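Trainee: quick one: sequence plus predicted model below, questions after.
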Amino acid sequence: MRRRTGLAAAGIAALVWGEWLNRRWSRALVGNSEGESEAVVVLGYRNPQTTANVINRWRVRAGVRSLTRDGARKARLIFSGGAVGSDAAEARLMADYATSVLGFDGTVLIEDRSRTTWENITNVIPMVEDVDRIKIVSQPAHALKARAYLRRQRPDLAARLVRGEDHRPGEWMLVKPLLALYGLRTLRGLTADERKVSRAPRRGP
């Protein structure tokens, strides 16, 4: 009985830890930039099949829901990812899913040459230089890594980063501990300052 109770407690603790850490990553290196235009950059995942896989489909949905509703007319959805797992570029598979399955009819841009996260950021910079707000969408640890890379490459553009909707409480709950473990490994190259959770500015006197 004690063993079962201990295992249950450990399982709950792991779920809470995974939720907390993913939430924390989703709020790091973002600010409160304002303006009328925005770009949502969706990063691709290795895709060996001819249609978007489950991870890329989720990332597309997270990207679409990250668009600010009242600014949709001045927003662009950017898919970034080259042909890594197959002959088809991740970006094109995601764009096809967004338009043909989700029915997204807004502005879509495709960056289909990148093979690494660093290249994702390098290659989308020309597509986001003229917008007021930039959102990068992926699993929270991966998105944070990309934001850190933007900060290294273009600090001026990193000042326009705002949070996307790639973390929601309870979503992917059972696998969040695994995502957290993988994320810790992914983020080993980031500095403590790059992992720091951004704080919203105080309002009022």
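Mentor: Sure thing, it's come through.
Trainee: packing partners for whichever helix in the chain runs longest?
Mentor: As assigned by DSSP state H, the longest helix anywhere in the chain is helix 2-26. In this structure, helix 2-26 packs against helix 140-153, helix 176-186, with contacts taken as 3 or more CB pairs under 8 Å, 6 or more residues apart in numbering; DSSP states H and E. Any C-beta I mention is one placed from the backbone N, CA and C, and that applies to glycine too.
Trainee: closest to the centroid, which residue in this structure?
Mentor: Closest residue to the average C-alpha location of the chain: residue 137 at 2.2 Å, with CA atoms, centre = their mean.
Trainee: my guess is residue 32 contacts residue 162. True?
Mentor: Yes - in this structure residue 32 lies within contact range of residue 162 using CB atoms under 8 Å: 6.7 Å.
Trainee: settle it for me: which of those two has more neighbours?
Mentor: Per other CB atoms under 10 Å, whichever of residue 32 and residue 162 has more neighbours is residue 162, with 20 against 12.
Trainee: how about the contacts made by the nearest residue to that one once chain neighbours are set aside?
Mentor: Distance criterion CB to CB, 6 or more residues apart in numbering; nearest residue to residue 162, sequence neighbours excluded, is residue 133 at 4.9 Å. Contacts for residue 133 (CB atoms under 8 Å, 6 or more residues apart in numbering) come out as 33, 34, 35, 37, 38, 39, 68, 160, 161, 162.
Trainee: list only buried entries from those residues.
Mentor: Burial by neighbour count, judged by 16 or more other CB atoms under 10 Å, picks out 37, 38, 39, 160, 161, 162 from those.
Trainee: dump these into TSV; add distance to residue 64, pLDDT and secondary structure as well.
Mentor: Converted to TSV, the buried ones among the contacts of residue 133 look like this (distance: CB to CB, whole Å; pLDDT from 0 to 100; DSSP: H, G, I helix; E, B strand; the rest coil):
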residue	distance to residue 64	pLDDT	secondary structure
37	17	93	coil
38	13	95	strand
39	13	97	strand
160	20	97	coil
161	19	97	strand
162	16	96	coil
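Trainee: report the angle between the axes of the longest helix of the chain and helix 176-186?
Mentor: Calculated by axes from the mean of the first three to the mean of the last three CA atoms, to 10 degrees, helix 2-26 forms an angle of 50 degrees with helix 176-186.
Trainee: pLDDT of helix 2-26, averaged?
Mentor: Taken as a whole, helix 2-26 carries a mean pLDDT of 82.
Trainee: and stretch 105-125, what's buried?
Mentor: Buried-residue list, stretch 105-125, by 16+ other CB under 10 Å: 108-112, 114, 117, 119-124.
Trainee: what about it, start to end distance?
Mentor: For stretch 105-125, the first-to-last residue distance is 23 Å (CA to CA, to the nearest Å).
Trainee: go on, stretch 109-117?
Mentor: One end of stretch 109-117 to the other measures 17 Å (CA to CA).
Trainee: in terms of helices and strands, where is residue 110?
Mentor: strand 107-111 (DSSP states H and E).
Trainee: who does the helix or strand following that strand touch, helix- and strand-wise?
Mentor: Going down the chain from strand 107-111, the next helix or strand is helix 117-128, by DSSP H and E. If you count contacts as 3+ CB pairs under 8 Å, 6+ apart, helix 117-128 packs onto strand 38-43, strand 75-80, strand 107-111, helix 140-153.
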